[in-house]
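[1] I need the structure of the sequence given here:
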Amino acid sequence: MTSTEAPSSGARNAQPDHLGHVIFITAAAAMGGFLFGYDSSVINGATVAIQHKFDVSADTLGWIIASALLGCAVGAAIAGRIADRIGRIRCMQIAAFLFAISAIGSSLPFAAWDLTMWRVIGGLGIGMASVIGPAYIAEVAPPAYRGRLASFQQAAIVIGIAISQLVNWGILNMADGDQRGKLGGLEAWQWMLGVMVIPALLYGLLSFAIPESPRFLISVGRKDQAAKVLSEVEGDGVDVDARIHEIEVGMHREDKSSFKDLLGGKFGFLPIVWIGIFLSIFQQLVGINVIFYYSNQLWQSIGKDPSSSFLYSFETSIVNIIGTVIAMVFVDRIGRKPLAIIGSTGMALALFTCAWAFSYRTGTGDNVSLPNAQGLTAIIAANAFVLFFALSWGVVVWVLLGEIFPNRIRAAALGVAASAQWLANFAITKTFPSMSEWSLTGSYIIYGAFAAISIPFVMKFVKETKGKALEEMG
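    Here you go, the predicted model:
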């Protein structure tokens with residue numbers, strides 16, 4: 001079978017006999033996304049306290065917050081090889097363990113460098129999960145449902161963000177609104193970080209309840225187990241023997257994927273790898289994680305009190321969830337490219353509107369404000385930006401990264417693309433505190449420009465993958 005032929009096993013139109021079981025498997029794998037979302041937002045509730053506790057500059061605070069993302073880049077880079085050697089499930093379990101010990105260490109730091117170290121360790125786990133989640137989901141999901149099921153990764157991220165903000169709000173209220181208020185011998189912000197151990201343990205436990213990827217099972221000669229899993233997730237209407245043959249053909253065109261398999265062409269990597277890298281980079285360079293890492297600090301910087309800033313941040317999380325649901329409904333109906341283009345257009349307009357509103361900011365230090373009209377506009381535009389991101393790039397990039405690479409290089413290529421995503425995330429997260437001190441207006445103009453540039457990139461280089469079997473990719 002060539003890459004352009006339709007599968008003969010009937011996989012393209014496969015209808016699982018027990019869709020609920022497939023959804024459970026997908027949701028369990030997507031818990032890695034929940035950890036990322038939870039960590040992204042939980043630190044948002046602790047930034048002011050951390051800066052005061054350790055008496056660090058805005059630049060050092062940026063290092064502490066962004067340090068986890070360097071760990072994420074390394075974790076993403078090594079996850080593919082680990083998953084190919086010991087399996088997708090074992091890789092998930094390692095990720096859960098790293099995140100759990102990071103949560104405990106982060107809640108009990110004795111210095112800024114100590115907190116930074118624990119965040120890097122947690123980042124390793126998140127980076128591994130960010131690669132394994134989309135790859136595993138793509139490998140077990142029937143083609144007809146793959147876009148919606150792959151969307152679970154982003155859905156888990158946004159739910160993690162929302163729940164962490166609720167937990168932060170509850171802890172803050174118990175501490176009388178003071179991030180450094182004492183609760184049971186620890187400061188409130190320490191409890192915020194320590195509670196992360198609960199979703200980490202849940203992720204680890206769920207990994208024991210789901211099957212190994214059929215493609216990994218076939219790669220290590222366990223075809224009987226692979227056949228059982230394929231029957232569970234793709235239904236009795238699929239010719240399992242033919243399906244296994246299709247997967248074997250796709251996997252054995254070349255040896256197991258390694259970094260050298262990604263090289264070729266004029267610019268180092270294969271063209272399809274560069275497309276994955278730029279999808280990842282654009283997803284971050286629009287500045288979405290600024291909203292989730294620094295939103296409390298951002299709203300306080302324009303005159304909102306701490307309690308109100310938490311409410312604004314939670315409101316943004318609800319918008320994020322709504323946008324993700326919209327994407328999940330439409331990603332398999334209208335396709336990946338149209339959603340990406342719609343999202344880029346909306347994000348660019350919203351970001352440029354934010355830039356205009358923040359240009360009216362007055363005051364200095366802790367005594368800053370926006371005129372009422374511009375303040376309302378900034379809040380509406382920020383929520384519009386999150387909505388357009390969530391209904392497009394938030395979901396579409398994770399779906400595409402699980403789909404666009406041929407079987408023979410999927411794990412390694414996804415690792416490189418995810419590493420690029422984390423490095424871009426690090427660059428944005430690390431530079432925002434200093435950029436916001438320089439100019440919030442200038443910052444949002446830069447993010448808006450990247451959103452605008454992503455439109456011609458998608459139109460020219462990204463191919464539609466809706467409804468295709470993985471064996472047809474590449």
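
[2] For the rest of this, base every contact and every neighbour count on C-alpha atoms.
    Noted.

[3] Angles on the backbone of residue 181, please.
    When quoted as degrees, to the nearest 10, the phi and psi of residue 181 stand at phi -70, psi 150.

[4] That one: what's it in contact with?
    Applying C-alpha atoms under 8 Å, 6 or more residues apart in numbering, we find residue 181 in contact with 175, 187, 188.

[5] Okay, and which of the residues you listed map to strands?
    Using DSSP state E, the members of those that fall within strands are residue 187.

[6] quick one: which of the contacts of residue 181 is most hemmed in?
    residue 188 (29 neighbours; other C-alpha atoms under 10 Å).

[7] surely that residue meets residue 177?
    No. Counting by C-alpha atoms under 8 Å, residue 188 stays clear of residue 177, with 9.2 Å between them.

[8] Name the nearest of the contacts of residue 181 relative to residue 132.
    When the contacts of residue 181 are compared for distance to residue 132 (C-alpha to C-alpha), residue 188 wins out at 32.8 Å.

[9] how much space between residue 19 and residue 268?
    Between residue 19 and residue 268 the distance is 42 Å, computed by C-alpha to C-alpha, to the nearest Å.

[10] Look at the two and report which has more neighbours.
    A count of neighbours by other C-alpha under 10 Å puts residue 19 above the other of residue 19 and residue 268, at 16 against 12.

[11] per-residue confidence at the closest residue to that one other than its chain neighbours?
    Residue nearest to residue 19 in three dimensions, not counting chain neighbours: residue 233, with 7.6 Å by C-alpha to C-alpha, 6 or more residues apart in numbering. pLDDT, residue 233: 79.

[12] correct me, but residue 233 touches residue 141?
    Yes. With contact defined as C-alpha under 8 Å, residue 233 counts as touching residue 141 (6.7 Å).

[13] shared neighbours, these two?
    residue 22.

[14] quick one, helices of the stretch 201-350 of the chain?
    In chain order, the stretch 201-350 of the chain shows helices spanning 214-219, 223-234, 240-251, 271-285, 288-300, 306-330, 336-358, with DSSP state H, counting those that start in this stretch as the criterion.

[15] ok, of the ones you listed, where does mean pLDDT dip lowest?
    Comparing mean pLDDT across these, the weakest is helix 288-300, with a mean of 64.

[16] pLDDT weak spots in this structure?
    Scanning the chain for pLDDT under 70 picks out 1-18, 235-237, 250-261, 264-267, 292-313, 363-368, 467-474.

[17] hmm, who's touching stretch 373-383?
    By C-alpha under 8 Å, 6+ apart, the residues outside stretch 373-383 that reach it are 302, 316, 319, 350, 351, 353, 354, 357, 358, 360.

[18] Quick check: ChimeraX command selecting the buried ones in those residues.
    Selecting the buried subset of the contacts of stretch 373-383 in ChimeraX, with 16 or more other C-alpha atoms under 10 Å as the burial test, is done by:
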select :302,316,319,350,351,353,354,357,358
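
[19] Between which two of the contacts of stretch 373-383 is the distance greatest?
    319 and 360 (25.2 Å).

[20] Now for residue 134: which residues touch it?
    Applying C-alpha under 8 Å, 6+ apart, one finds that residue 134 lies in contact with 30, 150, 153, 398, 399, 401, 402.

[21] so where does the last one fall, helix or strand?
    Same thing as residue 402. With the criterion set as DSSP states H and E, the secondary-structure element containing residue 402 is helix 393-403.

[22] following that helix, which helix or strand comes up?
    Stepping forward along the backbone from helix 393-403, the first helix or strand reached (DSSP H and E) is helix 410-438.

[23] buried residues in that following helix?
    Per 16+ other C-alpha under 10 Å, helix 410-438 contains these buried residues: 410-436.

[24] So which residues of the stretch 101-250 of the chain form strands?
    If DSSP state E, counting those that start in this stretch is used as the criterion, the strands of the stretch 101-250 of the chain fall at 182-183, 186-187.

[25] roughly how far apart are residue 394 and residue 406?
    Applying C-alpha to C-alpha, the value for residue 394 to residue 406 is 22 Å.

[26] Give the residue from those two that has the larger number of neighbours.
    Each of residue 394 and residue 406 has its neighbours counted (other C-alpha under 10 Å); residue 394 has more, 28 against 19.

[27] All set now, cheers.
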